[in-house]
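**Student:** Output the structure for:
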Amino acid sequence: MRCCHLYSGVWLLGGLSAVAAYGSGAAFGACDDGVPGVGSAASQSTTHGTRGAGNGNYNLFFAPDLVDGAWTPDTSYTVTVSGLAAFEGFLGGLMTPGGGTITPAANVKTSTCGPGSVTHARSTSKNSVSWTWVSPPSGVGEVVFRTTVLSAYGGQFWVFETSLSEAAVSDVTTATTSTTATTTTTTT
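**Tutor:** Just a heads-up that it's a prediction; the model follows:
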(Lines give C-alpha, C1' and ligand atoms only; values in the text may rest on other atoms or scores of the structure.)
Protein backbone atom coordinates (compact mmCIF):
# COMPACT_ATOMS: atom_id res chain seq x y z
CA MET A 1 0.00 0.00 0.00
CA ARG A 2 1.56 3.33 -1.03
CA CYS A 3 0.72 6.81 0.10
CA CYS A 4 -0.36 9.33 -2.39
CA HIS A 5 0.73 12.92 -2.08
CA LEU A 6 -1.24 15.58 -0.33
CA TYR A 7 -1.82 19.28 -0.50
CA SER A 8 -3.91 21.54 1.68
CA GLY A 9 -6.09 24.04 -0.04
CA VAL A 10 -9.50 25.37 -0.82
CA TRP A 11 -12.51 23.12 -1.36
CA LEU A 12 -13.15 22.68 -5.04
CA LEU A 13 -16.88 22.18 -4.57
CA GLY A 14 -17.44 23.36 -1.03
CA GLY A 15 -19.82 20.56 -0.13
CA LEU A 16 -17.78 18.31 2.14
CA SER A 17 -15.98 19.22 5.29
CA ALA A 18 -14.56 18.41 8.63
CA VAL A 19 -15.01 16.41 11.74
CA ALA A 20 -17.42 17.89 14.21
CA ALA A 21 -16.13 15.76 17.10
CA TYR A 22 -19.52 14.23 17.61
CA GLY A 23 -19.30 10.70 18.92
CA SER A 24 -21.40 9.52 16.02
CA GLY A 25 -19.57 11.42 13.26
CA ALA A 26 -19.35 14.83 11.66
CA ALA A 27 -22.48 16.97 11.79
CA PHE A 28 -24.16 18.48 8.72
CA GLY A 29 -22.98 21.96 9.69
CA ALA A 30 -19.39 20.80 9.17
CA CYS A 31 -19.89 20.39 5.42
CA ASP A 32 -18.76 23.81 4.21
CA ASP A 33 -15.10 24.56 4.72
CA GLY A 34 -13.09 21.79 6.34
CA VAL A 35 -13.18 23.22 9.86
CA PRO A 36 -14.79 21.24 12.72
CA GLY A 37 -17.96 22.67 14.16
CA VAL A 38 -21.02 24.25 12.60
CA GLY A 39 -21.02 26.91 9.89
CA SER A 40 -18.20 28.70 8.11
CA ALA A 41 -14.63 28.91 9.40
CA ALA A 42 -15.15 32.49 10.59
CA SER A 43 -17.92 31.43 12.95
CA GLN A 44 -16.34 28.24 14.33
CA SER A 45 -15.99 27.85 18.07
CA THR A 46 -12.55 26.84 19.29
CA THR A 47 -13.92 23.97 21.39
CA HIS A 48 -12.88 21.47 18.71
CA GLY A 49 -9.28 22.64 18.93
CA THR A 50 -6.92 24.56 16.73
CA ARG A 51 -6.05 24.04 13.10
CA GLY A 52 -2.62 22.58 12.54
CA ALA A 53 -0.39 23.29 9.56
CA GLY A 54 -0.21 20.90 6.63
CA ASN A 55 -1.57 17.39 7.02
CA GLY A 56 -0.44 16.74 10.61
CA ASN A 57 1.55 13.70 9.40
CA TYR A 58 -1.67 11.96 8.37
CA ASN A 59 -1.92 10.46 4.91
CA LEU A 60 -4.27 8.66 2.58
CA PHE A 61 -3.10 5.23 1.47
CA PHE A 62 -4.58 3.28 -1.45
CA ALA A 63 -4.67 -0.49 -1.97
CA PRO A 64 -4.08 -1.67 -4.59
CA ASP A 65 -1.25 0.80 -5.12
CA LEU A 66 -1.79 3.71 -7.43
CA VAL A 67 -0.16 3.34 -10.87
CA ASP A 68 2.56 6.02 -10.99
CA GLY A 69 0.50 8.01 -8.49
CA ALA A 70 -2.62 7.81 -10.65
CA TRP A 71 -5.94 5.99 -10.27
CA THR A 72 -7.05 3.26 -12.62
CA PRO A 73 -10.60 3.46 -14.03
CA ASP A 74 -13.27 1.12 -12.64
CA THR A 75 -11.06 -0.16 -9.81
CA SER A 76 -12.04 -0.91 -6.22
CA TYR A 77 -9.56 0.66 -3.78
CA THR A 78 -9.34 0.45 -0.02
CA VAL A 79 -8.58 4.00 1.13
CA THR A 80 -7.00 4.30 4.58
CA VAL A 81 -6.32 7.38 6.70
CA SER A 82 -3.48 6.91 9.16
CA GLY A 83 -0.61 8.86 10.67
CA LEU A 84 2.03 8.99 13.36
CA ALA A 85 -0.49 9.43 16.18
CA ALA A 86 -3.93 8.12 17.06
CA PHE A 87 -6.96 10.32 16.39
CA GLU A 88 -10.62 10.45 17.44
CA GLY A 89 -12.50 11.93 14.51
CA PHE A 90 -12.29 12.30 10.76
CA LEU A 91 -14.29 13.17 7.70
CA GLY A 92 -13.21 12.33 4.17
CA GLY A 93 -14.68 12.22 0.75
CA LEU A 94 -14.75 13.07 -2.92
CA MET A 95 -14.69 16.65 -4.16
CA THR A 96 -14.92 15.68 -7.84
CA PRO A 97 -18.35 15.26 -9.46
CA GLY A 98 -18.55 11.78 -10.94
CA GLY A 99 -15.40 10.81 -9.01
CA GLY A 100 -16.62 7.32 -8.22
CA THR A 101 -18.45 5.85 -5.24
CA ILE A 102 -17.54 5.50 -1.57
CA THR A 103 -18.72 2.71 0.73
CA PRO A 104 -18.03 2.79 4.50
CA ALA A 105 -16.11 -0.02 6.21
CA ALA A 106 -15.92 -1.02 9.90
CA ASN A 107 -16.24 1.90 12.35
CA VAL A 108 -16.93 4.29 9.46
CA LYS A 109 -20.29 5.54 8.19
CA THR A 110 -21.67 7.73 5.42
CA SER A 111 -21.59 11.32 6.65
CA THR A 112 -24.46 13.79 6.62
CA CYS A 113 -22.48 15.69 3.94
CA GLY A 114 -23.64 13.18 1.34
CA PRO A 115 -23.02 9.76 -0.17
CA GLY A 116 -19.53 10.71 -1.42
CA SER A 117 -18.27 11.22 2.12
CA VAL A 118 -17.55 9.18 5.23
CA THR A 119 -16.96 9.95 8.88
CA HIS A 120 -16.15 8.21 12.17
CA ALA A 121 -18.90 6.07 13.66
CA ARG A 122 -17.50 6.57 17.20
CA SER A 123 -15.11 9.14 18.62
CA THR A 124 -12.89 6.56 20.31
CA SER A 125 -9.14 6.69 19.72
CA LYS A 126 -8.07 4.97 16.50
CA ASN A 127 -4.84 4.59 14.54
CA SER A 128 -6.50 4.29 11.14
CA VAL A 129 -9.84 4.14 9.35
CA SER A 130 -10.66 2.74 5.92
CA TRP A 131 -13.39 2.79 3.32
CA THR A 132 -13.88 1.49 -0.21
CA TRP A 133 -13.62 3.78 -3.21
CA VAL A 134 -14.63 2.48 -6.63
CA SER A 135 -12.98 4.77 -9.15
CA PRO A 136 -15.03 6.18 -12.02
CA PRO A 137 -14.83 5.05 -15.65
CA SER A 138 -12.11 6.57 -17.82
CA GLY A 139 -12.41 10.16 -18.95
CA VAL A 140 -13.07 11.85 -15.58
CA GLY A 141 -9.49 13.09 -15.21
CA GLU A 142 -8.30 14.41 -11.85
CA VAL A 143 -10.09 13.16 -8.72
CA VAL A 144 -9.76 15.13 -5.48
CA PHE A 145 -10.37 13.84 -1.94
CA ARG A 146 -10.72 16.12 1.09
CA THR A 147 -9.81 14.77 4.52
CA THR A 148 -10.06 16.28 8.00
CA VAL A 149 -8.48 14.54 10.98
CA LEU A 150 -9.20 15.59 14.59
CA SER A 151 -6.67 14.44 17.19
CA ALA A 152 -9.13 14.81 20.07
CA TYR A 153 -11.97 17.12 21.02
CA GLY A 154 -10.26 20.38 22.00
CA GLY A 155 -6.95 19.23 20.48
CA GLN A 156 -5.72 19.89 16.98
CA PHE A 157 -7.24 19.20 13.58
CA TRP A 158 -5.86 19.16 10.05
CA VAL A 159 -7.61 19.62 6.72
CA PHE A 160 -5.90 18.44 3.55
CA GLU A 161 -6.72 17.54 -0.02
CA THR A 162 -5.35 14.71 -2.12
CA SER A 163 -5.33 15.10 -5.87
CA LEU A 164 -4.99 12.03 -8.09
CA SER A 165 -4.58 12.04 -11.84
CA GLU A 166 -6.16 9.43 -14.08
CA ALA A 167 -3.82 6.71 -15.31
CA ALA A 168 -3.17 6.73 -19.04
CA VAL A 169 -4.46 3.62 -20.84
CA SER A 170 -0.90 2.50 -21.62
CA ASP A 171 0.04 2.87 -17.92
CA VAL A 172 -2.86 0.65 -16.90
CA THR A 173 -2.00 -2.16 -19.30
CA THR A 174 1.81 -2.18 -18.92
CA ALA A 175 2.57 -1.00 -15.37
CA THR A 176 4.27 -3.45 -13.05
CA THR A 177 5.34 -1.01 -10.33
CA SER A 178 3.74 1.98 -8.72
CA THR A 179 5.02 5.23 -7.28
CA THR A 180 3.58 8.13 -5.38
CA ALA A 181 1.98 11.22 -6.87
CA THR A 182 3.42 14.73 -6.89
CA THR A 183 3.09 16.57 -3.58
CA THR A 184 2.43 20.20 -2.88
CA THR A 185 1.60 21.12 0.71
CA THR A 186 0.23 24.53 1.58
CA THR A 187 -1.57 25.87 4.61
CA THR A 188 -4.39 28.37 4.72
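**Student:** Going by C-alpha atoms from here, please, whenever you check contacts or count neighbours.
**Tutor:** Fine.
**Student:** Give the next helix or strand downstream of the helix or strand of the chain with the lowest mean pLDDT.
**Tutor:** Least confident element among the helices and strands of the chain, by mean pLDDT, DSSP states H and E: strand 6-7 (a mean of 29). The helix or strand immediately downstream of strand 6-7 is strand 49-51, counting by DSSP states H and E.
**Student:** quick check: mean pLDDT across whichever helix or strand comes after that next one?
**Tutor:** Per DSSP H and E, the first helix or strand lying C-terminal to strand 49-51 is strand 58-63. Averaging pLDDT along strand 58-63 gives 95.
**Student:** what sits against the nearest residue to Gly56 once chain neighbours are set aside?
**Tutor:** Ranked by CA to CA, 6 or more residues apart in numbering and with sequence neighbours excluded, the top spatial neighbour of Gly56 is Trp158, at 6.0 Å. Each residue near Trp158 by CA atoms under 8 Å, 6 or more residues apart in numbering is listed here: 51-56, 148-150.
**Student:** Secondary structure element for Trp158, which one?
**Tutor:** Taking DSSP H and E as the criterion, Trp158 maps to strand 155-166.
**Student:** now do Thr78
**Tutor:** Judged by DSSP H and E, Thr78 forms part of strand 76-87.
**Student:** Please name every helix or strand in contact with that strand.
**Tutor:** Other elements packing on strand 76-87 under the criterion 3 or more CA pairs under 8 Å, 6 or more residues apart in numbering; DSSP states H and E are strand 58-63, strand 126-134.
**Student:** mind showing which ranges of the chain have poor pLDDT?
**Tutor:** 1-47, 112, 169-188 (pLDDT under 70).
**Student:** hmm, try it at 50
**Tutor:** Within the chain, the ranges that satisfy pLDDT under 50 run 1-22, 27-30, 39, 42-43, 171-188.
**Student:** before we move on, the earlier item: want to throw the helices and strands packed on strand 76-87 into JSON lines with mean neighbour count?
**Tutor:** Below are the helices and strands packed on strand 76-87 laid out as JSON lines (neighbours: other CA atoms under 10 Å):
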{"stretch": "strand 58-63", "mean neighbour count": "22"}
{"stretch": "strand 126-134", "mean neighbour count": "19"}
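**Student:** In a markdown table: the ones you listed, plus distance to Tyr77.
**Tutor:** Converted to a markdown table, these look like this (distance: least, CA to CA, whole Å):
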| stretch | distance to Tyr77 |
| --- | --- |
| strand 58-63 | 5 |
| strand 126-134 | 5 |
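**Student:** mind checking which of the ones you listed is nearest Gly100?
**Tutor:** Among the helices and strands packed on strand 76-87, strand 126-134 comes nearest to Gly100, with 5.5 Å by CA to CA.
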